[in-house]
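Trainee: need a structure here:
(chains A and B)
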Amino acid sequence: MKSFFGGIHPRYNKITRKARIEVAPLPKKIILPLQQHIGAPCSSLVKAGDVVKVGQKIADSDKFVSAPIHASISGKVLGISKMPHPTLGICDAIVIESDGKIEWDEKVKKRENVFGLSKDELKNIVKEAGIVGLGGAAFPTHVKLSPPPDKKIDTVILNGIECEPYLTCDHRLMLEHAEKIIKGLQLIVKVLEPKQCYIGIEDNKENAISLFEEKLHSMEIKDIKVVRLKTIYPQGAEKNLIYSVLKRKVPTGGLPMDVKVVVQNVGTAKAIYDAVYEGKPLIERVVTITGSVKEPKNLLVKIGTPVNELISFCGGYEGSVGKLISGGPMMGIAQYGDEIPVIKGSSGILVQREEITKDEERDCIRCGRCVDKCPMSLMPTMIMQYAQKDDFDNCKEYFALDCYECGVCSYVCPSKIPLVHWIKYAKGELMKRKKK
Amino acid sequence: METENKETKKLIVSANPHIKDKDTVNKIMWLVVLALMPAAIAGVYFFKSRALVVILLSVVSAVITEFIIQKFTGRNITIKDGSAVLTGLLLALVLSPLVPWWIAVIGSVVAISIGKMIFGGLGHNIFNPALVGRAFLVASWPALMTKWLIDGTTGATPLGLLKLEGIKTGYSALFFGNIGGTIGETSAIALLIGAGFLLYKKIIDWRIPSAYILTVLVFSFIFGQDPIFHILAGGLLIGAFFMATDYVTSPITSTGKLIFGFGCGFLTIILRLFSGYPEGVMFSILLMNAAAPLIDRYTRLKPFGYRKPEEKKEEKKAEEKPIEIKEKDIEALKEKKPEETPKVEEKPEEKEEIEEEKKDEPKNERNA
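Mentor: Okay, the predicted model is just below:
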């Protein structure tokens, strides 16, 4: 079975794997942060009091590495103010109050002649639709589709791994929208012209694997292949996925395009389909609401919807809440409150009870599990020990900057040391130094 | 709504991940104690109540010592984690059943206080605590420490018999027990059952014991000795599986573990054959314990996708080159460009070389 080295087998707890995607109720108001992606933040195109329609572009940037933002509901702009943000803590955001109706912008129209579109036209549609990587990192998709001329792309991998425990949004999307995902992928292939194209799926989603194989067969597509991958966390991490599928190693500090590969998430392929075929910009996504809520669900959510509205729709909290996590349990970010909005990169909301969030921390006993399991073959315990002493030179010597914070080290640590916390601290200090 | 607000007010915020493995330090320590039970039971079976008394005294005094020191220094009391029990048990298993009761007590006190607590407790000690205790006893009361029991009368260990009188003990006695020696080393099969359990549970890594035993095998063969005898006799098995694999005092890198195992094996044979002592397991492990941090430093892992700094420089040069050419001849640049791209393809091979180099490292150490 194809895989990488290191990694763990956490309890997956995919309790919503059989729950069909439901459409979340129309939110009363939405919060749209001006930065939902990697790159330059957008500046607002609207002001307080303006009336906006669904799909209307309300924020944009003239920088290349950025993605415009569209209104996901119709209504009135209440204002632009500092609001809580799931990954940045606090960020300027446009707040829109719903008019209770769904009035579409007149620019949103189905496209008839999709096959006549040129590569540049396709890239422009993707850019204008504000599409970013929906796997979590939210890197603007049109940038990935425009590799520099000296970096020829020979492989496209569609990431249908979803190795995070609890999350099932990609799995459900694959089961319910396989054809759209394949059509979206074909558009990516058209732009990048790779020699080979794979859809990577973990072998715990057997039904998705067989469905995609069937669809590819019935659609008579021969140049796209489904790759069955071992179920192990973090199989879906870009660098590890590329190694599992192609046995290529992305150089440290490099990008997948350095080894001629582009990886896209299944959700992104679906968003590209929506943008190109339906003319719809990225205004909604599938989010898994899971953990200690009364009815865990997979929801199709308007981007900007406050999380507390989604939780009430799922029947509210169950028991006393310990942690509210945006994302999955391994890489998700614990939140201060439930007023945060769903943004483009939000794949799930996980509620944890108070009881299970308590650990007693001990000193490192040098068992070496973090070293054995690290998918980047780093030595987390050494970085942690130097970070605790503020010895950042040695943190760098032990390659702290190559950590992508998958959480495996902290997960396996029998002493329950928050290794990721210390590595993040070291990384932060090293980045500050770099800037100087 | 009110209750909801109350709940959200006290949300816990911490770095990812938000789920953790069930294994804890306590669980690991108690599993190792469990794995030593077959050897302890075999010891009690062959040496009767004498062995039981030594084991109990040693364990109890280890736990009490840790408790008193932690209480006295105002630290958290961690006697429940099983590490003090483990140290006491390990020490008892490497003592002769004939030792007076106070030897077991003093050994445990030294093991815990000087072997472990003085460095800051579990995780900070340089040397294996149980072996520190034993080394102290061997140095202080050598005569008491080398009186052995066999079939109800005093006798010598198989290694002692071989060294002093040239008598070789049979394999089956070595394998099943009933030989002169320490409480724990008497039965090879009991130790192997425990070791198999730890390997199966992935508590210990195969590298240290394998490298250790293989090195003893190879070098005893080279020096014209019986390799099987050297593996089964003395404290080699308990040392290789239960002492050398102590997390705190052994390297954490895979390559480091192999080097560590090799070093232990090599020193054991050298000490067994060329020193005044018949046995060399204890000193070889203690010596390699001291080298463990250094081994870790020199076997530091390279991250996935690592490029040597020279490669990066070369690449930068390559990037700069076309600019120089540009000034001279623009057409030459066009021809050069296709040559640049194969560089990326070469990379996987280069990385394999790095891995190969790593594999070579233990050999270099051996030569040194």
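Trainee: contacts and neighbour counts: CA atoms only from here.
Mentor: Noted.
Trainee: quick one, phi psi at the residue nearest the centre of chain B?
Mentor: With distances taken as CA atoms, centre = their mean, the residue of chain B nearest its centroid is B:T245 (2.3 Å). Dihedral pair for B:T245: phi -90, psi 0, per degrees, to the nearest 10.
Trainee: likewise A:F115?
Mentor: Here is the backbone geometry of A:F115 (degrees, to the nearest 10): phi -70, psi -20.
Trainee: what about residue 307, how many neighbours?
Mentor: I'll assume chain A. By the other CA atoms under 10 Å in any protein chain shown criterion, the neighbourhood of A:V307 contains 20 residues.
Trainee: the intended chain is chain B.
Mentor: 17.
Trainee: ok so, going back, gap between the residue nearest to the centre of chain B and chain A?
Mentor: Note on B:T245: its distance to chain A, by CA to the nearest CA, to the nearest Å, is 10 Å.
Trainee: do I have it right that that residue meets B:P209?
Mentor: Yes. Contact criterion CA atoms under 8 Å: B:T245 and B:P209 qualify, at 7.3 Å.
Trainee: what about A:P140, neighbour count?
Mentor: Counted with other CA under 10 Å, the burial measure for A:P140 works out to 24 neighbours.
Trainee: which residues touch the residue in the stretch 51-200 of chain B positioned nearest to chain A?
Mentor: Per CA to the nearest CA, the residue of the stretch 51-200 of chain B with the smallest distance to chain A is B:G123, at 4.2 Å. Going by CA atoms under 8 Å, 6 or more residues apart in numbering or on different chains, B:G123 touches A:363-366, B:248.
Trainee: and the residues you listed, which of them are buried?
Mentor: In terms of neighbour count (16 or more other CA atoms under 10 Å in any protein chain shown), the buried residues within the contacts of B:G123 are A:364-366, B:248.
Trainee: near chain A, which residues of chain B show up?
Mentor: B:7-25, B:122-124, B:247-248, B:252-253, B:300-307, B:341, B:344-345, B:348 (CA under 8 Å from any CA of the partner chain).
Trainee: find the closest residue to chain B in the stretch 151-300 of chain A.
Mentor: Closest residue of the stretch 151-300 of chain A to chain B, CA to the nearest CA: A:P251 (4.3 Å).
Trainee: any idea of the pLDDT on that residue?
Mentor: Looking at A:P251, its pLDDT reads 92.
Trainee: what's the local residue count around B:G120?
Mentor: Here the count is done by other CA under 10 Å, and B:G120 has 12 residues near it.
Trainee: helix, strand, or coil at A:K76?
Mentor: Under the three-state scheme (DSSP: H, G, I helix; E, B strand; the rest coil), A:K76 adopts strand.
Trainee: swap in the one 3 residues further on?
Mentor: Using three-state DSSP as the criterion, the local structure at A:G79 reads strand.
Trainee: give the contact list for it.
Mentor: Counted by CA under 8 Å, 6+ apart, A:G79 has contacts A:47-49, A:94-96.
Trainee: how near is it to A:V46?
Mentor: Between A:G79 and A:V46 the distance is 9 Å, computed by CA to CA, to the nearest Å.
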